[in-house]
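Trainee: Sequence and computational prediction follow.
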Amino acid sequence: MRRIGILGGVFDPVHFGHLSIAELAKSSFGLEQVIFVPAGIPPHKQGVTTSAPHRLKMLELAVKDLPYFTIWEGEVKKNGCAYTVDTISELSAEYPNAKLHFIIGADNLSEILTWHYSDEILNRVTLCAAKRPGYDIARPGALKNADIETFDSPEWGLSSTILRKYLKNGISCKFLAPDAVLAYVKENGLYGQQ
(Lines give C-alpha, C1' and ligand atoms only; values in the text may rest on other atoms or scores of the structure.)
Protein backbone atom coordinates (compact mmCIF):
# COMPACT_ATOMS: atom_id res chain seq x y z
CA MET A 1 0.00 0.00 0.00
CA ARG A 2 1.32 3.43 -0.93
CA ARG A 3 1.95 5.88 1.88
CA ILE A 4 1.04 9.46 1.00
CA GLY A 5 1.49 12.53 3.18
CA ILE A 6 -0.82 15.54 3.14
CA LEU A 7 0.30 18.93 4.39
CA GLY A 8 -2.36 21.61 4.30
CA GLY A 9 -1.90 25.25 5.06
CA VAL A 10 -2.36 28.82 4.00
CA PHE A 11 1.32 29.14 2.99
CA ASP A 12 1.22 32.94 3.23
CA PRO A 13 4.14 32.71 2.43
CA VAL A 14 5.61 29.20 2.28
CA HIS A 15 8.89 28.92 4.21
CA PHE A 16 11.57 26.44 5.24
CA GLY A 17 9.56 25.42 8.30
CA HIS A 18 6.85 24.00 5.99
CA LEU A 19 9.40 22.31 3.75
CA SER A 20 11.42 20.79 6.59
CA ILE A 21 8.28 19.39 8.27
CA ALA A 22 7.26 17.77 4.96
CA GLU A 23 10.75 16.32 4.45
CA LEU A 24 11.01 14.98 7.99
CA ALA A 25 7.53 13.40 7.82
CA LYS A 26 8.46 11.80 4.49
CA SER A 27 11.59 10.32 6.01
CA SER A 28 10.05 9.35 9.36
CA PHE A 29 7.04 7.51 7.94
CA GLY A 30 8.44 6.21 4.63
CA LEU A 31 6.09 8.38 2.59
CA GLU A 32 6.25 8.02 -1.18
CA GLN A 33 5.22 11.63 -1.65
CA VAL A 34 3.90 14.60 0.27
CA ILE A 35 1.00 16.54 -1.21
CA PHE A 36 0.86 20.23 -0.28
CA VAL A 37 -2.72 21.49 -0.09
CA PRO A 38 -2.90 25.29 -0.17
CA ALA A 39 -6.10 26.60 1.40
CA GLY A 40 -8.51 28.68 -0.63
CA ILE A 41 -10.63 30.41 2.01
CA PRO A 42 -9.63 28.67 5.24
CA PRO A 43 -12.53 28.44 7.73
CA HIS A 44 -10.23 28.59 10.81
CA LYS A 45 -7.78 31.28 9.71
CA GLN A 46 -8.46 34.97 9.57
CA GLY A 47 -6.30 37.66 8.04
CA VAL A 48 -5.03 35.85 4.94
CA THR A 49 -3.30 38.71 3.19
CA THR A 50 -2.34 37.24 -0.16
CA SER A 51 -4.50 35.96 -3.00
CA ALA A 52 -4.63 32.23 -3.71
CA PRO A 53 -2.85 32.57 -7.10
CA HIS A 54 0.14 34.28 -5.44
CA ARG A 55 0.28 31.73 -2.61
CA LEU A 56 0.03 28.89 -5.12
CA LYS A 57 2.83 30.32 -7.28
CA MET A 58 5.13 30.73 -4.27
CA LEU A 59 4.46 27.11 -3.31
CA GLU A 60 5.20 25.95 -6.87
CA LEU A 61 8.53 27.81 -6.76
CA ALA A 62 9.39 26.27 -3.38
CA VAL A 63 8.87 22.63 -4.47
CA LYS A 64 9.75 22.75 -8.18
CA ASP A 65 12.99 20.76 -7.81
CA LEU A 66 11.57 18.19 -5.39
CA PRO A 67 9.66 15.55 -7.40
CA TYR A 68 8.29 13.80 -4.30
CA PHE A 69 6.55 17.04 -3.26
CA THR A 70 3.40 17.78 -5.25
CA ILE A 71 0.64 20.34 -5.00
CA TRP A 72 -3.10 19.66 -5.00
CA GLU A 73 -5.10 22.72 -6.05
CA GLY A 74 -8.56 21.46 -5.14
CA GLU A 75 -9.12 23.86 -2.23
CA VAL A 76 -7.94 27.00 -4.03
CA LYS A 77 -10.28 26.22 -6.94
CA LYS A 78 -13.38 26.01 -4.73
CA ASN A 79 -15.76 28.89 -4.22
CA GLY A 80 -16.23 29.48 -0.52
CA CYS A 81 -14.70 27.55 2.36
CA ALA A 82 -13.05 24.21 1.78
CA TYR A 83 -13.27 21.68 4.58
CA THR A 84 -10.55 19.16 5.37
CA VAL A 85 -13.06 16.30 5.40
CA ASP A 86 -13.92 17.04 1.75
CA THR A 87 -10.26 17.29 0.80
CA ILE A 88 -9.55 13.93 2.46
CA SER A 89 -12.48 12.37 0.57
CA GLU A 90 -11.26 13.73 -2.77
CA LEU A 91 -7.66 12.67 -2.18
CA SER A 92 -8.84 9.22 -1.06
CA ALA A 93 -10.64 8.88 -4.40
CA GLU A 94 -7.54 10.05 -6.31
CA TYR A 95 -5.26 7.66 -4.39
CA PRO A 96 -7.54 4.67 -3.69
CA ASN A 97 -4.74 2.29 -2.73
CA ALA A 98 -2.91 4.68 -0.43
CA LYS A 99 -2.70 5.09 3.32
CA LEU A 100 -3.06 8.82 3.94
CA HIS A 101 -0.90 10.53 6.56
CA PHE A 102 -2.16 13.96 7.57
CA ILE A 103 0.77 16.08 8.75
CA ILE A 104 -0.15 18.50 11.53
CA GLY A 105 1.65 20.58 14.12
CA ALA A 106 1.27 19.71 17.79
CA ASP A 107 -0.32 23.16 18.17
CA ASN A 108 -3.25 22.01 16.02
CA LEU A 109 -3.92 18.63 17.65
CA SER A 110 -6.67 19.80 19.97
CA GLU A 111 -8.04 22.21 17.34
CA ILE A 112 -8.81 19.32 14.98
CA LEU A 113 -11.76 18.39 17.18
CA THR A 114 -13.46 21.66 16.17
CA TRP A 115 -13.14 20.89 12.46
CA HIS A 116 -16.14 20.00 10.31
CA TYR A 117 -16.79 16.23 10.65
CA SER A 118 -13.60 15.69 12.65
CA ASP A 119 -14.58 12.08 13.49
CA GLU A 120 -14.64 11.19 9.81
CA ILE A 121 -11.22 12.80 9.29
CA LEU A 122 -9.78 10.83 12.20
CA ASN A 123 -11.22 7.58 10.83
CA ARG A 124 -9.62 8.07 7.41
CA VAL A 125 -6.07 9.23 8.11
CA THR A 126 -3.08 8.71 10.34
CA LEU A 127 -2.27 12.00 12.05
CA CYS A 128 1.45 12.75 11.97
CA ALA A 129 2.08 15.31 14.68
CA ALA A 130 5.20 17.47 14.47
CA LYS A 131 6.62 19.06 17.58
CA ARG A 132 6.09 22.82 17.87
CA PRO A 133 7.72 25.16 20.39
CA GLY A 134 5.60 25.73 23.47
CA TYR A 135 3.16 22.91 22.72
CA ASP A 136 2.93 19.54 24.40
CA ILE A 137 2.83 16.59 22.03
CA ALA A 138 0.55 14.77 24.49
CA ARG A 139 -2.60 13.32 23.01
CA PRO A 140 -5.75 15.14 24.12
CA GLY A 141 -8.19 12.76 25.83
CA ALA A 142 -10.79 13.20 23.10
CA LEU A 143 -8.24 11.82 20.60
CA LYS A 144 -7.43 8.70 22.60
CA ASN A 145 -8.63 6.36 19.83
CA ALA A 146 -7.19 8.31 16.91
CA ASP A 147 -4.27 6.94 14.91
CA ILE A 148 -1.60 9.49 15.87
CA GLU A 149 2.12 9.18 15.33
CA THR A 150 4.67 11.79 16.34
CA PHE A 151 7.96 12.69 14.75
CA ASP A 152 10.92 14.83 15.59
CA SER A 153 10.99 18.17 13.89
CA PRO A 154 12.90 21.39 14.44
CA GLU A 155 11.07 23.32 17.12
CA TRP A 156 11.59 26.62 15.39
CA GLY A 157 9.45 29.60 16.15
CA LEU A 158 9.33 30.26 12.40
CA SER A 159 5.92 31.13 11.00
CA SER A 160 4.38 32.88 8.02
CA THR A 161 3.24 35.61 10.41
CA ILE A 162 6.86 36.31 11.36
CA LEU A 163 7.94 36.34 7.70
CA ARG A 164 5.18 38.79 6.77
CA LYS A 165 6.27 41.08 9.63
CA TYR A 166 9.94 40.87 8.66
CA LEU A 167 9.20 41.49 4.98
CA LYS A 168 6.96 44.45 5.80
CA ASN A 169 9.73 45.96 7.95
CA GLY A 170 12.50 45.31 5.42
CA ILE A 171 14.23 42.64 7.53
CA SER A 172 16.09 39.96 5.56
CA CYS A 173 14.36 36.60 5.29
CA LYS A 174 17.26 34.85 3.56
CA PHE A 175 17.60 31.32 4.96
CA LEU A 176 13.99 31.49 6.22
CA ALA A 177 12.33 30.89 2.83
CA PRO A 178 13.58 29.73 -0.58
CA ASP A 179 15.35 32.40 -2.63
CA ALA A 180 12.87 31.91 -5.50
CA VAL A 181 9.97 32.64 -3.15
CA LEU A 182 11.65 35.77 -1.78
CA ALA A 183 12.39 36.97 -5.33
CA TYR A 184 8.73 36.43 -6.27
CA VAL A 185 7.61 38.38 -3.20
CA LYS A 186 9.80 41.31 -4.20
CA GLU A 187 8.85 41.21 -7.90
CA ASN A 188 5.15 41.27 -7.03
CA GLY A 189 5.30 43.79 -4.19
CA LEU A 190 3.85 41.36 -1.66
CA TYR A 191 3.90 42.02 2.10
CA GLY A 192 4.89 45.66 1.64
CA GLN A 193 7.93 44.95 -0.53
CA GLN A 194 8.90 47.72 -2.97
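Mentor: Nice, thanks for sending it over.
Trainee: all strands for this structure, in order.
Mentor: Assigned by DSSP state E, the chain shows strands spanning 2-9, 33-38, 69-71, 98-105, 126-130, 148-151.
Trainee: I'd like those strands laid out as TSV, including mean pLDDT, distance to residue 91 and mean neighbour count.
Mentor: For the C-beta atoms, the positions are set from N, CA and C on the backbone; glycine is no exception. TSV is the format used below for those (pLDDT from 0 to 100; distance: least, CB to CB, whole Å; neighbours: other CB atoms under 10 Å):
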stretch	mean pLDDT	distance to residue 91	mean neighbour count
strand 2-9	96	6	20
strand 33-38	97	7	23
strand 69-71	98	11	16
strand 98-105	95	6	21
strand 126-130	93	13	23
strand 148-151	90	19	16
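Trainee: Where do the helices of the chain begin and end?
Mentor: Here the chain has its helices, by DSSP state H, at 16-29, 52-63, 84-94, 118-124, 160-168, 179-187.
Trainee: what's the distance between residue 20 and residue 157?
Mentor: Distance, residue 20 to residue 157, by CB to CB, to the nearest Å: 13 Å.
Trainee: quick one: low-confidence ranges for this protein?
Mentor: 42-48, 138, 140, 194 (pLDDT under 70).
Trainee: rerun at 90
Mentor: 1, 40-49, 78-83, 105-116, 118, 131-146, 148, 150, 152-158, 192-194 (pLDDT under 90).
Trainee: that older thread, can you add distance to residue 175 and give the strands of the chain back as CSV?
Mentor: Shown next, in CSV, are those (distance: least, CB to CB, whole Å):
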stretch, distance to residue 175
strand 2-9, 20
strand 33-38, 21
strand 69-71, 19
strand 98-105, 21
strand 126-130, 20
strand 148-151, 23
